[in-house]
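Engineer: Next one to model:
(chains A, B and C)
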Amino acid sequence: MRDHVTISVNGKAVRVPPGTILAAAVAQAGVSSFRTSVRGEPRGPLCGMGVCFECCVTINGKAYSRSCLTLCEEGMEVKTNG
Amino acid sequence: MANQRLQSDVVVVGAGPTGIAAACAVAEHGMKVAVVDNSPWLGGQIWRGATTHPVPGRAGQWIDRLKRSGVSVLSNATAFAAPASHLLVAETPDGVLEITWNKLIAATGARERFLPFPGWTLPGVVGPGGLYAMVKLGWPVAGKRVVVAGSGPLLLAAADGLKQAGARVSLVAEQADWDHVLRFGKGLWRYPGKLLQGVGVKARLLGVPYRCGCWPVKAEGTAHVESVTLANGSSSWSEDCDYLACGFHLVPNVELPCLLGCALASGFVRVDALQLTSVPDVFCAGEPTGIGGADCALVEGQVAGLAAAGAEDQARTLFGRRATWHRFRTSLNQAFALRPELRHLATPDTFVCRCEDVRLADLKGCESLRAARLQTRCGMGSCQGRTCGAAVQFLFGWEPDSVRPPLFPVRLASLADESSHLDKPTLQTDNSLQA
Amino acid sequence: MNPTFDIIIVGAGIVGAACAAECARAGLKVLVLDRGPIGGGTTGAGMGHLVVMDDSEAQFALTHYSRRLWNRLAPELPPSIEYEQCGTLWVAADEQEMAEVRRKASFYTRRGVEVEVLDGSGVAAAEPHLRRGLAGGLRVVEDAVIYPPCAARYLIELAIARKARLQIGAAVTAILPEGGVVLADGSRLSAGVVVNAAGPWSPALQTGLPVRKRKGHLAVTERYPGYVRHQIVELGYLKSAHSVGTDSVAFNVQPRKTGQILIGSSRQYTAEGTEINTPILQRMLQRALDYMPGLGQLAVTRCWAGHRAATPDKLPLIGPTPDHAKIWLATGHEGLGITTCLGTGKLLADLLLERPPEIPAEPYAPARLLRASATKPLQCATT
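Structural biologist: Numbers count the residues shown, from 1 in each chain, chains lettered A, B, ... in the order given. Below is the predicted model:
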């Protein structure tokens, strides 16, 4: 097993240990706004367990993906709306 | 799309402590059991991390037991529909999984209750359980200042875990009054395991103030939370923070049981002594039947598993232990009942529904949940009312609506996928013209 | 004894609301009653498509008249109504359906409705996510979409501004031939005229009304702004809406102003409840995938079902019942209630005040269907 996984968050490379959730990698990238709400506000994870949908980001082109329920995979491309 | 079909004697929905205990019981009685969970890991919320990071103690032991028992675990499978009798449909990353079952055990756990107050939507305002769960899987909190607030023993468990992960937990603010919490603490002598656990937590949290009878009234910050104002009824004060971990106890995840037609009592799934619901062949155990914590969940999961496997006599041997934990459950929920001041924290501009950005002011003039949903879209967003529903129930007494599929947002292709198990009524073709 | 109200309208859906607004504007004393929230019935379940239809001259007249009224009202509508003149795109899968496109184009053009005939590449350019190989389509430029529950509330508020009264949570259990209603709590309210605008529930108050429930399903997605630009409807929709007594689905998608995509449509006659009927939902979604394969990867947040009020001749019932001068009808709009509520309100008010209506009212007269059922006299439910 590799000792790290590299993903890209908004074009910036982020290296994390295997078994790290995507939400954590986004936080490690220094991004605090994961998505923009209907009225334009920055939002980040609230429930941490896939219920609130505030942690949604676009993963490999797929929008509305919950980053708190996704494990980082090598080469993942993540875009936040914030 | 890669679709799969599976037949199992028993299907367990949820791989937290309850589901794990239930599945072990079924498998150890020689029946085929599949566990379906919407996350990539085992352990649910409180035992999360046990597969990716070494977790000492009983969580690791139970997960080892599960792995040895030959149970099929289907991770990343989100149960979203039950279109026919004894059929459960789940969405996987690649397609749809259809499971036909003889018995189903709903072990869907609970979620934190979030109540609106000014600033609660700022990034960095997270549930205590939620933050701790994410920290276990890599969320960086080392050196960060955390205020933990809200209600319930989860505050202390989360504060403990966050501190172990290097966070600077500056305060734990419990809304219940000191005498309620003290009475609960004193009663823990009846549950030695819990007492030891509590003493351990308290020891590790030495130096972290635990204040009762206070609650957050406002979170502030520009793009992220920077401080929280707390009040105790006679005064208020501010605490700087990098995170505000705030949640008000737990709400049962009853959506799947409701979809299956299970009757509720006071918002929890009604079960008999063998954890059987009002629907034949459907069992429910753990938090959806009452918020009782891991010990309660484990014994209920075992009872449900044994009952589903037909080992009712063996299930009955656990009734005494379960009764103990039910007493604990009762005192837990009494101690941490929510105070009325929490209904008045939101101001007109405070968002109540976060998915659709519906403010408290927008809800004025809505006489019911249905009116609010129709007029403002409150509760009609991605979370399907899971976040705001608990809030408006506490704020206005609005009871949740009936549950429809899909239980979570799913790809349209998953909903469209036809199950060959369904009895299709004979339908006319689309192009036939009738007089 | 003088009746308390000139008009009592049973049903605060969009049709009842529009009737209330017009009657109140004419100076009548109006009371609107509903057991549930404003727009809580068919109005809250439907798509909100403002569309001209050409099934018949009468249907065209009412939809065209109503659409003109909506488009005139549009600048005053608050943002919550989400009015958007996105137009309708009727799509033709083959040459047979293209012939229908040309027939419709000619029909509409002769009557002053702006349309545009598109060929296969034109349709692909208009809606890039439609599947390749469609024969073409018809763009009806001034069709629009709205969010119905807020529109119903807006109309109710217009009525209230003109002194109308509203009682929510008031369930009507009977309509009285002498002019009035009985409520669930036993109390009675008197009126010069009672208007039954209870949609699918109108027959519950008047046995013998030729109105049947026609169940429909819808699904709504997360926000994908720009994915769909028009309300897109397959021409086969007309066969679905035509068919009587069978279950059918037709491709029908709508772009909401929020960016969400609303996906329909289905029709069932013998399904009473509002629970999801999975086989027909799946058929409906598969039909949508036939026309727009990319929809498969979009996230659906909710599905629901509701009932339309359907009459045997696909035209609504607007006006007095032949046997009871004080009982009027404004119901039976099937899938066109949102469009035609404004025209219905005006016609009803014109008929009540004996003013000449802007379009002939005879095609919608209840007498056309109620006389025909002479062997089954219209009876009012009594407590």
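
Engineer: Contacts only, for residue C:221.
Structural biologist: Listed by C-beta atoms under 8 Å, 6 or more residues apart in numbering or on different chains, the contact set of residue C:221 reads B:412, C:260-261, C:263, C:295, C:298-301. All C-beta spots, glycine's among them, are computed from the backbone N, C-alpha and C.

Engineer: ok, so what distance separates it from residue C:255?
Structural biologist: Between residue C:221 and residue C:255 the computed distance is 10 Å (C-beta to C-beta, to the nearest Å).

Engineer: Which neighbours do these two have in common?
Structural biologist: Common contacts of residue C:221 and residue C:255 (C-beta under 8 Å, 6+ apart): residue C:261.

Engineer: so where does the residue of chain A found nearest chain C fall, helix or strand?
Structural biologist: Nearest to chain C, among the residues of chain A, is residue A:64, at 4.9 Å (C-beta to the nearest C-beta). When elements are assigned from DSSP states H and E, residue A:64 belongs to strand A:62-66.

Engineer: Show me what secondary structure element comes after that strand.
Structural biologist: Downstream of strand A:62-66, the next assigned helix or strand under DSSP H and E is strand A:77-79.

Engineer: What is the burial count for residue C:73?
Structural biologist: 16 (other C-beta atoms under 10 Å in any protein chain shown).

Engineer: show me the contacts for it.
Structural biologist: residue C:342.

Engineer: and if you look at residue A:63?
Structural biologist: Going by C-beta under 8 Å, 6+ apart, residue A:63 touches A:56, C:222, C:224, C:299.

Engineer: Swap in 10 Å and give it another go.
Structural biologist: By C-beta atoms under 10 Å, 6 or more residues apart in numbering or on different chains, the contact list for residue A:63 reads A:35, A:56-57, A:79, A:81, C:222-224, C:297-299.

Engineer: are any of these buried, and which?
Structural biologist: Neighbour-count burial (16 or more other C-beta atoms under 10 Å in any protein chain shown) applied to these gives A:35, A:56-57, C:222-224, C:298-299.

Engineer: which ones among those come in contact with chain B?
Structural biologist: By C-beta under 10 Å from any C-beta of the partner chain, the members of those lying near chain B are A:35, A:56, C:222-223, C:298-299.

Engineer: Keep only those of these that are in strands.
Structural biologist: Per DSSP state E, strands hold the following members of those: A:35, A:56, C:222-223, C:299.

Engineer: Can you list phi and psi of residue 17 for me?
Structural biologist: Using chain A. phi -70, psi 150 (degrees, to the nearest 10).

Engineer: nearest residue to it other than its sequence neighbours?
Structural biologist: Leaving aside its sequence neighbours, residue A:17 sits nearest to residue A:4 (C-beta to C-beta, 6 or more residues apart in numbering or on different chains; 6.1 Å).

Engineer: show me the contacts for that neighbour.
Structural biologist: Per C-beta under 10 Å, 6+ apart, neighbours of residue A:4: A:14-18, A:20, A:72, A:74.

Engineer: one more time with 7 Å, if that's ok
Structural biologist: By C-beta atoms under 7 Å, 6 or more residues apart in numbering or on different chains, the residues touching residue A:4 are A:15-17.

Engineer: All the helices of the stretch 1-150 of chain C, in order from the start?
Structural biologist: For the stretch 1-150 of chain C, the helices defined by DSSP state H, counting those that start in this stretch cover C:14-25, C:42-45, C:57-73, C:95-110, C:120-126, C:148-161.

Engineer: Name whatever forms a beta bridge with residue B:212.
Structural biologist: Per DSSP bridges, the residues bridged to residue B:212 are residue B:174.

Engineer: count of neighbours near it?
Structural biologist: Residues lying near residue B:212 (other C-beta under 10 Å) number 17.

Engineer: Please apply the same query to residue B:213.
Structural biologist: 18.
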